[in-house]
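Enquirer: coordinates only, sequence not included:
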């Protein structure tokens, strides 16, 4: 369901073959759940060092969260990076969005079940995640993703640069994460654990 080879965003954004694309897939919520602004604050350093990189934000803006969205857009404009940062709103083609990314970033303050991170792992996209407990858990204690200090834009910028500058590291991280996700979060893994539960009750 989540696997695709249709890197649709690269065509939509008219990216050259050597351009790098990273981004965050998360809605703008009224409550302090996602932290898009920290990623925005990391962008001037990242885009200043890597001229062939662009960033995307994918997700709807919940009613009451317009100020959060506007703050992110205004920050990018004020720092003169708006032409390389794309706010794409809600999309139905998430698997194609993931297929377009070189790096997936999830900057969160709170998570329940981190579906977006799980999908990125299953799609084979290297991840950078906030070091909150649910994301540490889903990434094997940080073994299968780069973790950054929550709300620390400087640390996030360094982690993004680390992955964007090292293609081999990106591939190694994504392959290891995919194996971990297949073993723990796939349908097959779910059915295996469900069978164990049923057998323990019989």
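Expert: Done, it's in. From a predicted model like this one, the values you see are computed outputs, not experimental measurements.
Enquirer: what about residue 25, how many neighbours?
Expert: Neighbour count for residue 25, taken as other C-beta atoms under 10 Å: 24. For the C-beta atoms, the positions are set from N, CA and C on the backbone; glycine is no exception.
Enquirer: quick one: contacts of the helix or strand hosting residue 37?
Expert: Using DSSP states H and E, residue 37 maps to helix 36-49. For helix 36-49, the external contacting residues (C-beta atoms under 8 Å, 6 or more residues apart in numbering) are 24, 26, 28, 53-55, 57, 68-69, 71-72, 75-76, 79, 81, 84-85, 105, 107, 150-154, 156-157, 160-161, 164.
Enquirer: what sits against residue 32?
Expert: 109, 110.
Enquirer: measure it to residue 109 for me?
Expert: Distance, residue 32 to residue 109, by C-beta to C-beta, to the nearest Å: 5 Å.
Enquirer: now for the residue lying closest to residue 79 once chain neighbours are set aside, how many residues are close by?
Expert: Excluding its sequence neighbours, the residue lying closest to residue 79 (C-beta to C-beta, 6 or more residues apart in numbering) is residue 44, at 4.8 Å. With neighbours defined by other C-beta under 10 Å, the count for residue 44 comes to 17.
Enquirer: do the one 4 residues further on as well
Expert: For residue 48, the count of nearby residues is 12 (other C-beta under 10 Å).
Enquirer: for it, give me the pLDDT.
Expert: Note for residue 48: predicted pLDDT of 97.
Enquirer: by contact count, what packs against the longest helix anywhere in the chain?
Expert: Longest helix in the chain by number of residues (criterion: DSSP state H): helix 167-184. Here helix 167-184 touches helix 115-122, helix 153-164, helix 187-201, going by 3 or more C-beta pairs under 8 Å, 6 or more residues apart in numbering; DSSP states H and E.
Enquirer: let's see 7 Å
Expert: Secondary-structure packing of helix 167-184 (3 or more C-beta pairs under 7 Å, 6 or more residues apart in numbering; DSSP states H and E): helix 115-122.
Enquirer: show me what counts as buried in the helix it packs on.
Expert: Across helix 115-122, burial judged by 16 or more other C-beta atoms under 10 Å covers 116, 117, 118, 119, 120, 121, 122.
Enquirer: any chance of these in JSON lines, with pLDDT and distance to residue 138 too?
Expert: What follows is the buried residues of helix 115-122, written out as JSON lines (pLDDT from 0 to 100; distance: C-beta to C-beta, whole Å):
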{"residue": "116", "pLDDT": "90", "distance to residue 138": "10"}
{"residue": "117", "pLDDT": "92", "distance to residue 138": "6"}
{"residue": "118", "pLDDT": "91", "distance to residue 138": "6"}
{"residue": "119", "pLDDT": "91", "distance to residue 138": "11"}
{"residue": "120", "pLDDT": "93", "distance to residue 138": "10"}
{"residue": "121", "pLDDT": "92", "distance to residue 138": "8"}
{"residue": "122", "pLDDT": "91", "distance to residue 138": "11"}
